[in-house]
Every structure is written in structure tokens, then in C-alpha cells.
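In: Generate a structure from the sequence data that follows.
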Amino acid sequence: MASTNTRRTSLSFLNPQGLYDPRPNGYTHVVVVQAPARLIYIAGQGGENAEGQLPAQFEQQVRQALGNLRLALAAAEAGLSDVAKITVLIVDHSEERLAVLSRELNQAWGDLPAPACTLIPVPRLALDGMLFEIEATAVSQLGTEGRGEGWYSWCDSCCKRFRKIHLPVIDGQVQQAGQQAQRNRDHPYRMI
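Out: Got it, this is the predicted structure:
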């Protein structure tokens, strides 16, 4: 049974013996959250961009939805490293689409432990042409929202994580927010 905790919260990631190894598919069987913690619920994010445009290709929708998830998490002063559980909905699910999803999830989470995941095949989603949707539950420690004593030390480690995880992956708003925050010596999540 493997347990890893590389996040700033009390999360444990378990893949018990007797269950198959889910890591190639981009998830973990069990994630345990130690209380007290701040829970963050992210509504289903689809593949539409800020202008509401939706690409026709499944792979592009998955990439955009993951970018949208990162932006939503950033608004709550969190990142992919804080995600404990995801639920994905796929229209016309197939092994080919599973391979695309697995590749994109593994790329997004990289060396971080992947969250617990439930994949639900569905006949249709909210918008015409929408093929993919992802929702998430994230966890962060109480008292680390950038307020009070100790903010600067927390912000420094957070900003290093922000630059490492978010800036290479997301363009536009988040990258500009990070650059503006560096100029203003402010927290990048507050700039979005």
C-alpha cells in the first residue's frame, strides 16, 4: 500500500494491495483527508474557452477543461496539487477516449500523486458538441489563505509552486496574473 503526501495539506494517497495499479490511468484509489481542512468544490468544467467557444475534438476539449479547472482552483487559492477527487463525464466513452484522458491527466498532474477519480460515460452533456466535463474537490489547510502571521513564508512556497505548475501550462490570464503579482510583490492568485 503506497502512501504519499507532497501537498501542503494532510492528504494521504493509497493504492491498496489487491487492487490494480490505477496510476497509468491517472488516478489513485483512496485519498484520505485529515481534518481540519478547507474544502473547495469546483463545478463541472467543460472544454469551452472564456468566449464560450467549444472545439470539436475530444482531446482539445479535455485540455481546455483542465486549463479551466486550473483557473477555477487558482480563484480559490488552490492548484492541482490540492485536488483530492475528480469526477469526469465523457460522451460516447471508448478505450480511445480513455487513453486520451489518461495521457492528459498524467501530464497535468506530472509527479504529483493523482487524485481519486470516477469516470462516468454519458449520452449527452449540457451543451451541443460538449464531449467532456470534469469537476473537482480540493482541500487546503485552514489558515493558509494568505491572511495573518506567516503569510509571506506560505506565499513564497506557494508562489514557487504556482510558477512551477501553473505558468508553463496555462497561458493568458494566469501567466499575466503571475507576472503582475511578481511586479507588485503580491500573491498571484489574487490577481486573477
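In: what about residue 107, how many neighbours?
Out: Residue neighbour count, defined by other CB atoms under 10 Å, stands at 12 for residue 107. Just so you know, the C-beta spots here come from the backbone N, C-alpha and C atoms, and that holds for glycine as well.
In: Just the mean pLDDT for the helix or strand where it lies, thanks.
Out: In this structure, residue 107 sits in helix 95-109 according to DSSP states H and E. The average of the pLDDT scores along helix 95-109 is 97.
In: Distance check, residue 20 against residue 104.
Out: As defined by CB to CB, to the nearest Å, residue 20 lies at a distance of 21 Å from residue 104.
In: what about those two, which has more around it?
Out: Regarding residue 20 and residue 104, a neighbour count based on other CB under 10 Å identifies residue 104 as having more, with 17 against 9.
In: The helix or strand following the helix holding residue 107 pairs with which strands?
Out: Stepping forward along the backbone from helix 95-109, the first helix or strand reached (DSSP H and E) is strand 116-122. If you go by DSSP bridges, strand 116-122 pairs up with strand 83-91 (parallel).
In: ok, and what's touching the partner strand?
Out: The set of residues external to strand 83-91 that reach it, using CB atoms under 8 Å, 6 or more residues apart in numbering, is 11, 27, 31, 33, 44, 73, 97, 101, 115-125, 130-139.
In: Check those residues for burial and list the buried ones.
Out: 11, 27, 31, 44, 73, 97, 101, 115-117, 119, 125, 130-139 (16 or more other CB atoms under 10 Å).
In: In helices, which of the residues you listed appear?
Out: Among the buried ones among the contacts of strand 83-91, the residues falling in helices (DSSP state H) are 73, 97, 101.
In: Can you lay out those as TSV showing distance to residue 61?
Out: Compiled in TSV, these are given as follows (distance: CB to CB, whole Å):
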residue	distance to residue 61
73	18
97	10
101	11
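In: closest to residue 64 among those?
Out: Taking CB to CB as the measure, residue 64 sits nearest to residue 101 out of these, at 13.4 Å.
In: Counting neighbours, what do you get for the closest residue to that closest one other than its chain neighbours?
Out: With CB to CB, 6 or more residues apart in numbering as the criterion, residue 101 has its nearest non-adjacent residue at 6.1 Å, and that residue is residue 62. A count of neighbours around residue 62, defined by other CB under 10 Å, yields 25.
In: Residue 74 too?
Out: Applying the criterion other CB under 10 Å, we find 22 residues in the vicinity of residue 74.
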